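Q: can you look at this prediction? I've put the sequence above it.
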Amino acid sequence: MTQRPGARAEIDLAAISDNVRALQARTTAEVLAVVKADAYGHGLVPCARAALDGGATWLGTALLDEALALRAAGITGPRVLAWLLGPDERWADAVRADIDLSANAPWAVEAIAEAARAVGTQARVHLKVDSGLGRGGAAVADWPDLVDAARKAEADGSVRVVGLWSHFAYADAPGHATVAAQAATFREAVGLAEAAGLRPDVRHLANSAATLTAPEHHFDLVRPGLAVYGLSPVPQVGDSRSFGLRPAMTLVGRLVLVKRLPAGSGLSYGHIYTTDRETTVGLVPLGYADGVPRSAGNVGPVLAAGRRRTVAGRVCMDQFVLDLGDDPAEVGDEVVLFGPGDAGEPTAQDWADATATISYEIVTRVGPRVPRVHVGGPSEGGDS
Ligand SMILES: Cc1ncc(COP(=O)(O)O)c(C=O)c1O
């Protein structure tokens, strides 16, 4: 993919390591850093290394290919769990690469066991129960069958159940009744599995929100994602700083055109913004194809020419426009869309608030045309 000159998503790897340290300080459980979706847009391998540097002992991915990419990059020490698996997976490659695999249903246990027998090794499996999210995991009614399939696969030595796990629906609303209810359902499922003879090493349930706000549900392993990248999963409760976290991504563009336009000039498609005086207009070559939400028209915040401003007019596929007033500006000047917030720039949370979404979406959607520049960490220079 061709990348944009001038634009960059600068990723502070030291912040990622420090965020993991801050999360580890809140729990006696081990930390699994979730690095799916290219580490929430931050770059898979450098961020995985930074998280390990901060004390994570596990890594988690949705896709098997993401887990295999970690191993291919030489990350062979820590446990890596992949959880969103379908019938056509490269099971044998997964087992050979020593990836922990999640199973939602007996067919998955059987596919993993068959691959382990073919490879001549023992596969590591985590059984997932749907404790109330209503998404992945075996339904409570189907859990005994999944446990039974796993016991059978354990009997011939092809599989060992090393984990039992589930995922919260609404931990970002601390104290919500579903949180305690899901934890209770999970405990019952664990009890049933252990009564059937399974002896898992780890039981795990907590995402970032539960890691930060529900220590009673940490079990043996917590699985934070968003918080690893320094963003608050519960902005209504506290911002990044209040949890001791630092946003790792700074998204920067550069002005590629600066011009004076008269009062009454409509800016960008549809002219939803009109200049109210003669003014300087700047063009930023980042658009919705780069992850800048189209819904940021007239509301997306930036730091440009020394001040906070909002996008003027519609965000286009490749570019948007700023009304810079009479402030001095030149082609090549930097425009900061978001960052940690300490130099006056907006944060990813500000973008989420302005565009009625969540900060997860703001960072994960930064597109492949924007180079990731990794600074300050164990794999500095390892840009992706
Ligand atoms: C199964 C699972 N565990 C943990 C996480 C991490 O969630 P968060 O980024 O809210 O910490 C995710 C992300 O969606 C997930 O799918």
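A: The structure has been received and is ready for your questions.
Q: C-alpha only now, for contacts and for neighbours.
A: OK.
Q: wait, a helix at Ala116?
A: Yes: the assignment for Ala116 (DSSP: H, G, I helix; E, B strand; the rest coil) places it in a helix.
Q: what residues are up against it?
A: Neighbour list for Ala116: 92, 95, 122-123, 158-159 [criterion: CA atoms under 8 Å, 6 or more residues apart in numbering].
Q: separation between Leu261 and Gly300?
A: Computed as CA to CA, to the nearest Å, the Leu261 to Gly300 distance reads 21 Å.
Q: more crowded one of the two?
A: Counted by other CA atoms under 10 Å, Leu261 and Gly300 do not tie: Gly300 has more neighbours, with 25 against 16.
Q: so what's the more buried one scoring on pLDDT?
A: At Gly300, the model reports a pLDDT of 98.
Q: wait, it sits on Arg308?
A: No: at 10.3 Å, Gly300 and Arg308 do not qualify as touching, with contact defined as CA atoms under 8 Å.
Q: keeping just the C-alphas, turn the top helix by length along the chain into CSV.
A: If you go by DSSP state H, the chain has its longest helix at helix 177-195. Extracted in CSV, the C-alpha atoms of helix 177-195 (Å, rounded to 0.1, in the frame of the first residue of the first chain):
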residue,chain,number,x,y,z
ALA,A,177,-25.9,-6.0,37.1
THR,A,178,-24.6,-8.1,34.1
VAL,A,179,-21.1,-7.9,35.4
ALA,A,180,-21.7,-9.8,38.6
ALA,A,181,-24.2,-12.1,36.9
GLN,A,182,-21.7,-13.0,34.2
ALA,A,183,-19.0,-13.6,36.8
ALA,A,184,-21.4,-15.9,38.7
THR,A,185,-22.3,-17.9,35.5
PHE,A,186,-18.6,-18.2,34.7
ARG,A,187,-17.8,-19.5,38.2
GLU,A,188,-20.6,-22.1,37.8
ALA,A,189,-19.2,-23.2,34.4
VAL,A,190,-15.7,-23.5,35.9
GLY,A,191,-17.1,-25.5,38.7
LEU,A,192,-18.8,-27.9,36.3
ALA,A,193,-15.6,-28.3,34.2
GLU,A,194,-13.5,-29.0,37.2
ALA,A,195,-16.0,-31.5,38.6
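Q: need the contacts of Ala116 in JSON lines (columns: pLDDT).
A: As requested, these are arranged in JSON lines below (pLDDT from 0 to 100):
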{"residue": "Ala92", "pLDDT": "98"}
{"residue": "Val95", "pLDDT": "98"}
{"residue": "Gln122", "pLDDT": "98"}
{"residue": "Ala123", "pLDDT": "98"}
{"residue": "Ser158", "pLDDT": "98"}
{"residue": "Val159", "pLDDT": "98"}
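Q: in helices, which of those residues fall?
A: Residues of those located in helices (DSSP H): 92, 95.
Q: between the contacts of Ala116, which is nearest Val363?
A: Top of the list for closeness to Val363, among the contacts of Ala116 and by CA to CA, is Val95 at 31.5 Å.
Q: roughly how far apart are the spatially closest residue to the closest one that is not a sequence neighbour and the ligand?
A: The shortest distance from Val95 to any non-neighbouring residue, by CA to CA, 6 or more residues apart in numbering, is to Ala123 (5.8 Å). Shown here: Ala123 relative to the ligand, a distance of 20 Å by CA to the nearest ligand atom, to the nearest Å.
Q: so Ala123 makes contact with Asp100?
A: Yes: with contact defined as CA under 8 Å, Ala123 and Asp100 form a contacting pair (7.4 Å).
Q: more neighbours, the two?
A: Higher neighbour count among Ala123 and Asp100: Ala123, with 30 against 23, using other CA under 10 Å.
Q: the more buried one bridge partners, please.
A: With DSSP bridges as the criterion, Ala123 is bridged to Val159.
Q: from Ser359, how far off is Gly300?
A: Counting by CA to CA, the gap from Gly300 to Ser359 is 13 Å.
Q: ok, Gly266 - contacts?
A: With contacts defined as CA under 8 Å, 6+ apart, the neighbours of Gly266 are 272-275.
Q: filter the residues you listed down to the buried ones and hand me the PyMOL line.
A: Selecting in PyMOL just the buried members of the contacts of Gly266, where the criterion is 16 or more other CA atoms under 10 Å, is done with this command:
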select buried, resi 273+275
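Q: how about JSON lines for the contacts of Gly266, with secondary structure added?
A: Rendered in JSON lines, the data for the contacts of Gly266 read as follows (three-state DSSP):
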{"residue": "Ile272", "secondary structure": "coil"}
{"residue": "Tyr273", "secondary structure": "strand"}
{"residue": "Thr274", "secondary structure": "strand"}
{"residue": "Thr275", "secondary structure": "coil"}
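Q: and for the residue of the stretch 51-200 of the chain found nearest the ligand, the neighbour number?
A: Residue nearest to the ligand within the stretch 51-200 of the chain: His167 (5.6 Å; CA to the nearest ligand atom). By the criterion of other CA under 10 Å, His167 has 24 neighbours.
Q: which residues does the residue of the stretch 1-150 of the chain found nearest the ligand form beta bridges with?
A: Nearest to the ligand, among the residues of the stretch 1-150 of the chain, is Val34, at 5.8 Å (CA to the nearest ligand atom). The partner list for Val34 in beta bridges (DSSP bridges) reads Gly60.
Q: was I right to think it contacts Leu221?
A: No: with contacts counted by CA under 8 Å, Val34 stays clear of Leu221, the gap being 12.0 Å.
Q: more neighbours, these two?
A: Neighbour tally, Val34 and Leu221, criterion other CA under 10 Å: the higher count belongs to Val34, 32 against 25.
Q: on that earlier part again, what do Gly300 and Ser359 both touch?
A: Any residue near both Gly300 and Ser359 by CA under 8 Å, 6+ apart counts here, and that gives Trp351.
Q: near the ligand, which residues of the chain are found?
A: 34, 167, 207-208, 223-226 (CA under 6 Å from any ligand atom).
Q: neighbour-wise, give me the winner out of the contacts of Ala116.
A: Neighbours here mean other CA under 10 Å. Within those, the largest count is held by Ala123, at 30 neighbours.
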